[in-house]
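> structure for the following, please:
(2 chains)
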Amino acid sequence: GENVEQHPSTLSVQEGDSAVIKCTYSDSASNYFPWYKQELGKRPQLIIDIRSNVGEKKDQRIAVTLNKTAKHFSLHITETQPEDSAVYFCAANNQAGTALIFGKGTTLSVSS
Amino acid sequence: NAGVTQTPKFQVLKTGQSMTLQCAQDMNHNSMYWYRQDPGMGLRLIYYSASEGTTDKGEVPNGYNVSRLNKREFSLRLESAAPSQTSVYFCASSEGLGGQETQYFGPGTRLLVL
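Numbering: from 1, shown residues only, chains lettered A, B, ... in the order given. Down below sits the predicted model:
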């Protein structure tokens, strides 16, 4: 079945460092790849997404890259700040485009 | 706009009891979703409704039923609760198909089954 693998499960960085989270997906028909951030005790919220016709997308300190041939995509956060500490989920859509399959999440801790 | 709302916020059930989790959105979205979140397991899709009048199974539908009452409301029912259903339940909605657009999540319902 459709599957999204996410690594690492936990990531600790110093404030100001960069953080990278990687995901792979199984369904070659997937064409939409969002990233959600969930702060402790809060709801998940979209932070950035990318579609299959684009290789890279940036929004201030965050960027996402997509390699469709290898079926993997990554989230890059530069100049990390303590408020970046959260759980990050990647996702890919199903073949019908009706739903998302989420990765298991990465807990990012940024220490000052 | 309240966005996506869920009731209750927290519930304790005994094994075998039934309950319905309520979800409503005021964004005139077409698609609605129910997820469960367990530690280390991410967000797993239980059921979804791509449009009013339709519902489909997700990854983990066993033990649950849903009703898309109207465009605004999408409820999740546990007929006979089991300890394995202890989880945090999130409802979400999207304007179009949730596999193509941003999904907006509710605040979650924390369910404990004893």
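> show the pLDDT at the residue of chain A found nearest chain B.
In chain A, the residue that lies nearest chain B is residue A:93 (3.4 Å; Cβ to the nearest Cβ). C-beta coordinates here come from the backbone N, C-alpha and C atoms, glycine included. If you check residue A:93, the pLDDT there is 94.
> out of everything not next to it in sequence, what's closest to it?
residue B:99 (3.4 Å; Cβ to Cβ, 6 or more residues apart in numbering or on different chains).
> what sits against the one you found?
A:32, A:93, A:94, A:96, A:97, A:98, A:99, A:100 (Cβ atoms under 8 Å, 6 or more residues apart in numbering or on different chains).
> quick check: phi and psi at the closest residue to residue A:77 other than its chain neighbours.
Excluding the flanking residues, the one nearest residue A:77 by Cβ to Cβ, 6+ apart is residue A:19, at 4.5 Å. Note on residue A:19: backbone dihedrals following degrees, to the nearest 10 are phi -130, psi 140.
> what's the burial count for residue A:19?
Look at residue A:19: counted by other Cβ atoms under 10 Å in any protein chain shown, it has 20 neighbours.
> looking at the contacts of residue B:99, which has the most residues close by?
Going by other Cβ under 10 Å, residue A:100 tops those with 30 neighbours.
> thinking again about what came up before, now the residue nearest to residue A:93: how far from residue B:72?
21 Å (Cβ to Cβ, to the nearest Å).
> check residue B:6 too.
13 Å.
> dump the residue contacts of residue 107.
In the absence of a named chain, this looks at chain A. Per Cβ under 8 Å, 6+ apart, neighbours of residue A:107: A:9, A:10, A:11, A:86, A:87.
> wrong one, I was asking about chain B
Contacts of residue B:107 (Cβ under 8 Å, 6+ apart): A:42, A:43, B:4, B:5, B:6, B:9.
> count of neighbours near the closest residue to the fifth one other than its chain neighbours?
Right, residue B:6. Leaving aside its chain neighbours, residue B:6 sits nearest to residue B:106 (4.0 Å; criterion: Cβ to Cβ, 6+ apart). Residues near residue B:106, counting by other Cβ under 10 Å, number 25.
> what sits against residue B:106?
A:43, B:3, B:4, B:5, B:6, B:23, B:90, B:91, B:92.
> the last one: which element?
Okay, so that is residue B:92. strand B:87-94 (DSSP states H and E).
> which other helices and strands contact the next helix or strand after that strand?
Next helix or strand after strand B:87-94 toward the C-terminus (DSSP H and E): strand B:104-105. Using 3 or more Cβ pairs under 8 Å, 6 or more residues apart in numbering or on different chains; DSSP states H and E, the elements in contact with strand B:104-105 are strand B:87-94.
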